[in-house]
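> only the shape, not the letters, is given here:
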């Protein structure tokens with residue numbers, strides 16, 4: 001693993017934070033490329049990205065800390081050290097969606113129109129950022145005999161390495177790119193507002209539910225009947241995606257968006 005990418009004097013550049021930054025920049029670049037078709041200005045793009053990213057980081061960190069409270073309760077100052085890893089995407093997604101709803105309402109942007117615009121960028125940024133987990137050595141899977149198994153720092157035994165294990169971070173990276181490509185292609189021929197956003201929820205729920213099978217017992221704890229908390233959350237996201245897809249599809253054909 002390579003948690004520290006490089007050093008500039010006393011300043012350490014962490015791989016985890018660096019790749020998250022790369023993911024955010026690529027997401028922003030993609031958004032800027034399709035902004036004109038959606039009627040977004042560069043100012044609005046920056047405003048939405050700054051608000052949702054910061055809210056997402058806070059939400060992701062708070063949920064992760066809550067789930068790992070036994071680790072953080074005796075060292076509260078480490079809660080702020082997000083560059084060392086430790087973000088829950090589910091917490092970040094929830095906080096980001098709430099922040100987006102507030103900002104879209106403030107700027108008079110139809111919610112589903114705005115979500116269709118941004119979620120392909122979210123999928124791209126998520127996929128790239130997951131490579132940060134690979135370099136940080138977190139979020140790995142259980143042992144495997146497959147030839148691409150990788151040894152990671154063992155979270156249960158400090159100083160030890162895991163047996164060759166599923167590199168679930170790479171699975172997440174590939175899934176993020178596949179979802180992005182699908183949504184990017186769907187974006188140009190969407191039939192109704194919310195189709196792209198709902199499709200993201202469906203596809204992300206499917207991917208995450210499957211990927212949790214590889215993480216179960218390693219970096220994802222079983223909750224009941226062999227099901228992880230992540231799988232429960234993934235199923236909820238999938239179900240919401242199906243519901244929103246059905247509801248939004250009944251609204252009729254895509255219409256030009258009018259903004260005051």
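On my side now, so go ahead. Just so it is clear, the model here is predicted, and its values are computed rather than measured. Numbering: from 1, shown residues only.
> ok, now which ones touch the closest residue to residue 22 other than its chain neighbours?
Once flanking residues are discounted, residue 22 sits nearest to residue 128: 5.7 Å by Cβ to Cβ, 6 or more residues apart in numbering. Glycine gets a C-beta too; all of them are placed from N, C-alpha and C. Contact analysis of residue 128 by Cβ atoms under 8 Å, 6 or more residues apart in numbering lists 19, 22, 23, 26, 173, 176.
> check which residues of the worst-scoring helix or strand of the chain on mean pLDDT are buried.
Lowest by mean pLDDT, DSSP states H and E among the helices and strands of the chain is helix 69-72, with a mean of 71. Within helix 69-72, the residues that count as buried by 16 or more other Cβ atoms under 10 Å are residue 72.
> can you give me the buried ones in the next helix-or-strand element following that helix?
Of the helices and strands lying after helix 69-72 in sequence (DSSP states H and E), the nearest is helix 89-106. Of the residues in helix 89-106, those buried by neighbour count under the rule 16+ other Cβ under 10 Å are 89-97, 99-100, 103-104.
> can you list contacts of helix 89-106?
The list of residues contacting helix 89-106 from outside it, by Cβ under 8 Å, 6+ apart, reads 47-48, 51-53, 55-64, 109-111, 114-115, 118, 122, 126, 230, 233, 237.
> hmm, back to that, dump the buried residues of helix 89-106 to a markdown table, plus pLDDT and distance to residue 144.
Shown next, in a markdown table, are these (pLDDT from 0 to 100; distance: Cβ to Cβ, whole Å):
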| residue | pLDDT | distance to residue 144 |
| --- | --- | --- |
| 89 | 80 | 23 |
| 90 | 84 | 25 |
| 91 | 87 | 28 |
| 92 | 86 | 28 |
| 93 | 87 | 28 |
| 94 | 90 | 31 |
| 95 | 91 | 33 |
| 96 | 89 | 32 |
| 97 | 89 | 34 |
| 99 | 92 | 38 |
| 100 | 91 | 37 |
| 103 | 90 | 42 |
| 104 | 91 | 43 |
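> what's the closest of those residues to residue 207?
residue 89 (11.3 Å; Cβ to Cβ).
> so for this protein, the centremost residue is which one?
In the chain, the C-alpha closest to the average C-alpha coordinate belongs to residue 126, at a distance of 4.3 Å (Cα atoms, centre = their mean).
> might one say that that one is in contact with residue 20?
No - at 9.8 Å, residue 126 does not count as touching residue 20 under the criterion of Cβ atoms under 8 Å.
> tell me which element residue 208 falls in.
helix 195-215.
> chain center to that helix, what's the gap?
Put simply, helix 195-215 sits 11 Å off its chain's centre (Cα atoms, centre = their mean, to the nearest Å).
> and the next element down the chain from that helix?
Counting by DSSP H and E, the next helix or strand C-terminal to helix 195-215 is strand 222-224.
> buried sites along the helix or strand hosting residue 25?
Assigned by DSSP H and E, residue 25 belongs to helix 15-38. Buried positions in helix 15-38, judged by neighbour count with 16+ other Cβ under 10 Å: 15-21, 23-24, 26-28, 30-31, 38.
> I am finished for the moment; much appreciated.
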